[in-house]
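In: Quick one, what's the 3D model for this:
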Amino acid sequence: MPYDLPMSIAHSKVTAQGQISVPLEVRRKLAVGPGSILEWEQEGDRMIVRRAGKFSSLDIHAALFPTPPPPRTLEELKAGIAQHLKAKHARD
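Out: The predicted model follows:
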């Protein structure tokens, strides 16, 4: 052969509802089970399927807020809450 073509390791059949069963060999290779999330990516004329990454709430928080806020005392936090509630419920 002049070059190696990727071999198919398994096949799935699509149901009328658009669902598929992930073959055992694929589940083992991807280390997925019930409740796992798979992500699909198009690469030219191919679809790539992989196990979605898992992120903890701390990972997401760090991504959204890369610089932590300055530390505050309990009194400062209570004063900030009181100020917010006063402004929110102020009558015009």
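In: ok, residue 62 to residue 49 distance?
Out: As judged by Cβ to Cβ, to the nearest Å, residue 62 and residue 49 stand 28 Å apart. Backbone N, C-alpha and C define where each C-beta goes, glycine included.
In: Where does residue 76 sit: helix, strand or coil?
Out: helix (DSSP: H, G, I helix; E, B strand; the rest coil).
In: burial measure for it, as a count.
Out: As a burial measure, residue 76 scores 11 neighbours (other Cβ atoms under 10 Å).
In: again, but for the one 4 residues further on
Out: A count of neighbours around residue 80, defined by other Cβ under 10 Å, yields 11.
In: Tell me which stretches of the protein form helices.
Out: Using DSSP state H, the helices of the chain run over residues 24-30, 57-64, 74-88.
In: For residue 9, find the nearest of the ones you listed.
Out: helix 24-30 (5.5 Å; Cβ to Cβ).
In: what helices or strands is the closest one leaning on?
Out: strand 46-51 (3 or more Cβ pairs under 8 Å, 6 or more residues apart in numbering; DSSP states H and E).
In: how about the strand it packs on as PDB, C-alpha atoms only?
Out: These are the backbone C-alpha positions of strand 46-51, laid out as PDB (Å, rounded to 0.1, in the frame of the first residue of the first chain):
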ATOM      1  CA  ARG A  46     -14.000  14.300   9.100                       C
ATOM      2  CA  MET A  47     -15.800  14.400  12.500                       C
ATOM      3  CA  ILE A  48     -13.600  14.000  15.600                       C
ATOM      4  CA  VAL A  49     -15.200  12.600  18.700                       C
ATOM      5  CA  ARG A  50     -13.500  12.900  22.100                       C
ATOM      6  CA  ARG A  51     -14.300  12.800  25.700                       C
END
